[in-house]
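1. Here is a sequence together with a model predicted from it:
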Amino acid sequence: MKSIPHVISWNLTKACNLLCTHCYLLADNVQMDTNLTSTASGQDSPDFNQVQCGSANAADELDTEKALKVIDEIAELNPSLILILTGGEPLLREDLFDLSRHAAGRGMMVLLGTNACLIDDEMAKKLKDNGFSGIGISLDSVHPKIHDSIRGAKGSWKKAVEGMKACKRQGLEIQIQSTVFKKNYDEIPELVAFANDMGARVFNLFFLVCTGRGQDITDITSEQYEDALKQIYKLHGQYEGRMLVSAKCAPHYRRIAYEMNPESALVKYYSGGCPAGTNYCRITPEGNVTPCPYMDTSCGSLLEKSFADIWNNSDILNELRTADLKGRCGECEFESMCKGCRARALVTTGDQMEEDSWCDYEPGKHGGKKLEFKEENTFGLEKKFELSWSEDAKKRLGKVPSFGKGMVIKRVEQYAREKGYSEITPDIMKEAKEKMAGDKKAMFPFMKLLKKKPAKNGKIEWEAEALERVKNAPDFVRPGIYKLMEIRAKENGYKIITSAFLSEIRDESMQFAARRMNKLGFDKLDMEAFDTAKAKTKNTKKREVIDDIKDFLAKRDGENTEIINKFRKYLSHVPDTKDET
C-alpha cells in the first residue's frame, strides 16, 4: 500500500517563553524584562504577563505565504490528516491563526502543542474560533517545583494549569503530555489521575530521545522504561472509556501489551510500529521535512521542493518504509508491531535502520517466529465504501481522522450487513458506535467522534465523569437527562455540567424521562402496559422506543428494582407540560 501521511507535527517557530531542559529543538528563550528566576540555567526567565503572543516571525522561518502553500501541498496528499502546530511556543508565531484557519478549512484536524502558559479565557476562545480541535499541553509533574525545574521557569506549572482550565471553560478538548524522567518516574499514576481530574481526553507519556538540549540528560534505565510501559498499560485499562492513556516514542509498548494481553486492541489494531517516515513526519521552522521531531536528517526543503515530492521520493523516508531492520530489531518476533525507535537508533549508531539500544528484549523469548497481525491491522486502512452512504453520514465520517476512516467504514458496514441495512445513515453510525463501545476490540478514541453529542445551550460543556454517568443510563432515558441537565445548568448560570450537579438534578431528570414515557401512551410501568401503548400510536419511531423500554425492563427488572420503583412512583403522578417534545 502506498504510504500517505496521517499525522504531521510542524515546529512553526523556535521562539519560546520557557527554557526546558530536554528541548529537542534547542528553542530560543524570548528576551525581555523578567521577574521570574530560571530554575534550569541560572538565566532570567520571562515574565508571563509581559510575553506577547504573536511576535514577529524569525527571518529563517517559513513566511506566511509559503506556509499557506505548504498546507495546500499537504492537502493534495491527504486533506483529512491531523496537523499538530507546535514550536518552540506556537502562540509566539504572529500568523498562527491564519495557518490554523486555512488548514481547518482544507479539512484537517488541527491541534496545538503548547506549554499553555500564555492561554487565558480570551486566548482559549480565540483558539476555538480559529480552527483548533484540541490542545496538547505539556505538564511533567503534579508538583509545581518539579515541573518548574524541568521547564526552566518558576510559575510555569501554575500557568499551565490555568491554561488547561481556560481551555475547558471555552469548550476546547485538551490532551496532557508528560515526559518521563528520573525525577518524575515515581508519579506516573498521579499524573494520569491529575489529567483525568482536569477533564483531559487523552494522556500521553513521552519517553525521551536524547537529542537537542536533552542530549546530555541522564535518562531512566531500560528496566525503568519497561516498568513504566507496564504501568501505562494497566492505567490504559483502568481509565478505558473515560480517558485514553498511551505511551509515545515507545514502540515497545505494543510488545508489553502483547505480553500482558495478546488479545489487546493495541496489538491487533495498531500493529504498525514506529510511525516515523511511514505515516508521520515533522516540518522544521526553516521548512525541512524530517521523519520525526527527534530525527534531524533532512529529507528535503520545502523552499526547494513540494511536500508531495519530498514525501514520495525521499531516499531517507523510503528506506524507513521498505528497508530491513538490523541487529536485534531485525531478528525480533515483534518487528512488524514495534520496529524499535528509529530516532534512538539514529542517535546512538548513526544508522536509522540499526537496533534500538534502549530495548532489553532478546529475540527468541516468544518462539522466534515473527508475529503478524496484518489481517486485523486497521490503522490507515484504505477508505473503501461497499455500501451506500447518505450525504449526512459521509459528513459525519469527515470528523474522523484519516488514519481511522477505513476502520470506521469497515466496522459500520459490517454492523449494517448484520442488521440488514442497505444504506448507512447517521442513526446507523450511532447504533454501530454504541455496539462497538461494548466491544473492547474496537475501542478507539476517535469512535467518540461518531457519537451524537447532546444539544448544547450557549457555552455549556459536560465534565467527562458526568457524561460517563449519563452514558450508563438506558437509551430511552438518556435524551431526557441530557435536555433537562442543560436547561437547569443554563438557568443556574453553570458553564460546565459536573458529576456533583448531575446528582443534584437526578430525581428531576427521572421525572423528565417519565413524562416522555407517559407521552408514549402508558401511565404505569409494567410488562402488560406495552401492547396498549403501542396500539395508541402509529408512529414507527415511538413504537421502537416502546420496544426499547420493554426490552430494558425484561432484562433488568429483577436485578435493579430501585430504579424501576422510582419510575413507577413518578409515572403515578406526572406533571402536565405543554412544551414537552
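-> Cool, the structure landed. Please read all numbers here as calculations on a predicted model, not as lab measurements. Residues are numbered from 1 along each chain as shown.

2. The spatially closest residue to A200 that is not a sequence neighbour - how many residues pack around it?
-> In space, and not counting its chain neighbours, A200 is closest to I176: 4.7 Å by Cβ to Cβ, 6 or more residues apart in numbering. Where you see a C-beta, it was placed from the backbone N, CA and C, and this is true even at glycine. Around I176 sit 27 other residues, with neighbours defined as other Cβ atoms under 10 Å.

3. To which secondary structure element type does I176 belong?
-> strand (DSSP: H, G, I helix; E, B strand; the rest coil).

4. Which residue ranges of the stretch 1-150 of the chain form helices?
-> Secondary structure of the stretch 1-150 of the chain by DSSP state H, counting those that start in this stretch: the helices cover 64-77, 96-105, 121-129, 144-151.

5. can you put those helices in CSV and add mean pLDDT and distance to K399?
-> Output for those, formatted as CSV (pLDDT from 0 to 100; distance: least, Cβ to Cβ, whole Å):
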stretch, mean pLDDT, distance to K399
helix 64-77, 96, 17
helix 96-105, 95, 12
helix 121-129, 95, 16
helix 144-151, 90, 33
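
6. Which one, of those, ends up nearest to Q231?
-> helix 144-151 (17.9 Å; Cβ to Cβ).

7. What are the contacting residues of the closest one?
-> For helix 144-151, the external contacting residues (Cβ atoms under 8 Å, 6 or more residues apart in numbering) are 18-22, 39-40, 115, 138-141, 154-158, 160, 179, 181, 183-184.

8. That helix: which residues count as buried?
-> 146-151 (16 or more other Cβ atoms under 10 Å).

9. Of the contacts of helix 144-151, select the buried ones using a PyMOL command.
-> In PyMOL, a selection of the buried entries from those looks like this (16+ other Cβ under 10 Å):
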select buried, resi 18+19+20+21+22+39+40+115+138+139+140+141+154+155+156+157+160+179+181+184
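
10. returning to what we had before: and of the helices of the stretch 1-150 of the chain, who's closest to M337?
-> Using Cβ to Cβ, the nearest of the helices of the stretch 1-150 of the chain to M337 is helix 64-77, at 25.4 Å.

11. check contacts around D227.
-> Counted by Cβ under 8 Å, 6+ apart, D227 has zero contacts.

12. May I have the secondary structure class of the closest residue to Y253 other than its chain neighbours?
-> Closest residue to Y253 apart from its sequence neighbours, by Cβ to Cβ, 6+ apart: A247 at 4.3 Å. Classification of A247 using three-state DSSP returns strand.

13. how far away is A247 from L205?
-> 5 Å (Cβ to Cβ, to the nearest Å).

14. anything in contact with each of these two?
-> 228, 232.

15. still on that earlier bit, just the buried residues of helix 144-151 now: which is nearest L320?
-> I150 (30.5 Å).

16. Could you list the low-confidence segments of the stretch 201-350 of the chain?
-> Applying pLDDT under 70 to the stretch 201-350 of the chain picks out residues 210-219, 269-272.

17. Number of residues surrounding E386?
-> For E386, the number of neighbouring residues by other Cβ under 10 Å comes to 11.

18. can you pull the contacts of it?
-> Counted by Cβ under 8 Å, 6+ apart, E386 has contacts E413.

19. distance of it from I424?
-> 10 Å.

20. what do these two both touch?
-> By Cβ under 8 Å, 6+ apart, the residues touching both E386 and I424 are E413.

21. which stretch among the helices of the stretch 1-150 of the chain comes nearest M353?
-> Among these, if distance is taken as Cβ to Cβ, the winner is helix 64-77, at 24.5 Å.

22. In that closest one, which of the residues would be classed as buried?
-> 67-71, 73-75, 77.

23. got it, and stretch 255-263?
-> 255-260.

24. and what of stretch 186-202?
-> So for stretch 186-202, counting by 16+ other Cβ under 10 Å, buried means 187-188, 191-196, 198-202.

25. and if you look at stretch 220-239?
-> Those would be 220, 225-226, 228-229, 231-233, 235-236, 239, for stretch 220-239 by 16+ other Cβ under 10 Å.

26. Any chance of those residues in CSV with secondary structure and distance to F307 as columns?
-> CSV is the format used below for the buried residues of stretch 220-239 (DSSP: H, G, I helix; E, B strand; the rest coil; distance: Cβ to Cβ, whole Å):
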residue, secondary structure, distance to F307
I220, coil, 36
Y225, helix, 34
E226, helix, 37
A228, helix, 35
L229, helix, 33
Q231, helix, 38
I232, helix, 33
Y233, helix, 35
L235, helix, 37
H236, helix, 34
Y239, coil, 36
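
27. out of those, who's nearest S336?
-> L229 (18.3 Å).

28. tell me which element D360 is part of?
-> For D360, there is no host helix or strand (DSSP states H and E).

29. quick one, what contacts the nearest residue to it once chain neighbours are set aside?
-> Spatially, and ignoring its direct neighbours in sequence, D360 is nearest to S222 (4.6 Å; Cβ to Cβ, 6+ apart). By Cβ under 8 Å, 6+ apart, the residues touching S222 are 358-360.

30. quick check, nearest of these to G327?
-> Distances from G327 to these, taken by Cβ to Cβ, are shortest for C359, at 10.3 Å.

31. Could you pull up the contacting residues of the nearest residue to that closest one once chain neighbours are set aside?
-> In this structure, C359 finds its nearest non-sequential neighbour in H252, 5.4 Å apart by Cβ to Cβ, 6+ apart. Contacts were defined as Cβ under 8 Å, 6+ apart; by that measure H252 touches 225-226, 229, 338, 340, 356, 359, 361.

32. With E259 as the reference, measure out to H252.
-> 10 Å.

33. for Y239, same thing?
-> Taking Cβ to Cβ, one finds Y239 at 20 Å from E259.

34. How about E94?
-> 49 Å.

35. if we can go back for a sec, and of the helices of the stretch 1-150 of the chain, who's closest to F501?
-> Of the helices of the stretch 1-150 of the chain, nearest to F501 by Cβ to Cβ is helix 121-129, at 20.6 Å.

36. ranges for the helices of the stretch 301-450 of the chain?
-> 307-313, 315-322, 327-331, 342-349, 391-397, 402-419, 426-437.

37. So which bits of the longest one are buried?
-> Of the residues in helix 402-419, those buried under the neighbour-count criterion (16+ other Cβ under 10 Å) are 402-413, 415-416.

38. before we move on, back to that, which one of the buried residues of stretch 255-263 is nearest to E434?
-> Nearest to E434 among the buried residues of stretch 255-263, with distances taken as Cβ to Cβ, is A257, at 25.3 Å.

39. List the contacts of that closest one.
-> Going by Cβ under 8 Å, 6+ apart, A257 touches 233, 264, 266-267.

40. again, only using 10 Å
-> Neighbour list for A257: 229-230, 232-233, 236, 247, 263-268, 270, 337 [criterion: Cβ atoms under 10 Å, 6 or more residues apart in numbering].

41. just the residues you listed now: which is nearest A323?
-> Closest to A323, out of all of the contacts of A257 and judged by Cβ to Cβ, is M337, at 17.7 Å.

42. The closest one: neighbour count?
-> Per other Cβ under 10 Å, the neighbour tally for M337 reads 26.

43. Looks like it contacts E259 (just checking).
-> No - taking Cβ atoms under 10 Å as the definition, M337 is not a contact partner of E259, at 11.7 Å.

44. which residues are in contact with both of the two?
-> In contact with both M337 and E259: V267, using Cβ under 10 Å, 6+ apart.

45. out of the buried residues of helix 64-77, which one sits closest to I119?
-> A67 (22.0 Å).

46. Return the member of the contacts of H252 nearest to M429.
-> Among the contacts of H252, C338 lies closest to M429 (Cβ to Cβ), at 32.9 Å.

47. was I right about the closest one contacting E355?
-> No - between C338 and E355 there is no contact under Cβ under 10 Å: 11.3 Å.
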